[in-house]
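A.B. asks: Have a look; sequence and predicted model below, questions after that.
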Amino acid sequence: MSLQNTNGEILLAGAVAALTVDLLLYPLDTLKTRLQSREYATLFANNRRALFGGLYQGIGSVIVATLPSSGAFFIAYEGLKGAFAEEKQTFVPQPVVHMAASSVAELVACAIFAPAEIIKQNAQMVSSSSSSSSSTSATMATLQKFRANPSALWGGYVALIVRDLPFSAIQFPLYERFRTQLGHGNEKDLADTARVTALSSALASGVASVLTTPVDVVKTRVMLDTGAAVTTTALRPGWYATAHDIAVREGVRGLWRGGVLRCVWTMLGGGLYLGVYESGRVWLAQRREGVGGDF
């Protein structure tokens, strides 16, 4: 399974993988956002209808942004890995290569995805109790808040980077290590490739999720607070001030809110995401080169 891919194939495989995860697992992401929100105790804790209503609110913005951002991530990641391989930089440990490649790729992807993330998380908090509420109206209501100050859509970029850089730096070296141990390169067919990749990614994503849950909670609060502040004269909150506020008001447990749900969602999403991506890009390369392509 050492076929080379074009950037177009990587872009397509990454986009399909991201779209698959978004459509299937988006409700779990909405629940996580609501659990981690400041308003959880007052709006959702004793109101199951509000907690479980409108679980696809905000998905439109994610679909629009996730396709180019995921494609950009994998083009950067695969490109940097390939550059090290071509230069035979054997003096650099492979985990360091994977960590550096994934970190640079995240910087690129987050710049594209940050506005969609802030729209998504604020749309997920729009009340779904009214009969007129829908995924589309929740997204439009959120966009309306940013019309006067569209630059605020990047207000959570730093918080997103603070979460995603360590997550990827942990996930991808582990993913590549697990994949090697499970027999990467010796797969019999595409189904075997998908199995090895999905299992390796699920395990790596689970570990990364547990270790980065506190920064994910902070990221969620910053995104939601930015949406609330955009229509007022209040200053946009920073990630450090937000983390300090959570620790003071809610204690250490507040920084781990929604951690179990996030771990489950991330393991499922990570396994599905990289499983679809890896098998997809191999299938595309096989089809182009005429060496197979059937599961």
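C.D. replies: Nice, I can see it. Bear in mind the structure is a predicted one, so any value in this text is a computation, not a measurement. Residues are numbered from 1 along each chain as shown.
A.B. asks: Work out which residue lies at the spatial centre of this protein.
C.D. replies: D164 (7.8 Å; Cα atoms, centre = their mean).
A.B. asks: tell me the pLDDT at that residue?
C.D. replies: Note on D164: pLDDT of 94.
A.B. asks: quick one: least confident helix or strand in this protein?
C.D. replies: Least confident helix or strand of the chain, by mean pLDDT, DSSP states H and E, is helix 135-145 with a mean of 83.
A.B. asks: If you count neighbours, what's buried in the helix or strand following it?
C.D. replies: Of the helices and strands lying after helix 135-145 in sequence (DSSP states H and E), the nearest is helix 157-181. Buried residues in helix 157-181, defined by neighbour count with 16 or more other Cβ atoms under 10 Å: 157-179. C-betas here are computed from N, CA, C, even on glycine.
A.B. asks: can you check stretch 56-64 too?
C.D. replies: Result for stretch 56-64 [16+ other Cβ under 10 Å]: buried residues 56-63.
A.B. asks: for it, the distance to its chain's centre please.
C.D. replies: 13 Å (Cα atoms, centre = their mean, to the nearest Å).
A.B. asks: Please export the C-alpha coordinates of that stretch as CSV.
C.D. replies: What follows is stretch 56-64, C-alpha atoms only, in CSV (Å, rounded to 0.1, in the frame of the first residue of the first chain):
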residue,chain,number,x,y,z
TYR,A,56,-27.8,19.1,13.8
GLN,A,57,-28.0,22.8,14.4
GLY,A,58,-25.0,24.6,12.8
ILE,A,59,-24.0,21.6,10.6
GLY,A,60,-24.2,23.7,7.4
SER,A,61,-21.3,25.9,8.3
VAL,A,62,-19.2,22.9,9.2
ILE,A,63,-19.9,21.1,5.9
VAL,A,64,-18.9,24.2,3.9
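A.B. asks: contact partners of stretch 213-222?
C.D. replies: 32-33, 36-38, 121, 155-156, 159-160, 162-163, 166, 209, 237-239, 242-243, 245-246, 254-259, 262-263 (Cβ atoms under 8 Å, 6 or more residues apart in numbering).
A.B. asks: I'd guessed the residue nearest to the centre of the chain sits against E106; true?
C.D. replies: Yes - counting by Cβ atoms under 8 Å, D164 touches E106, with 4.8 Å between them.
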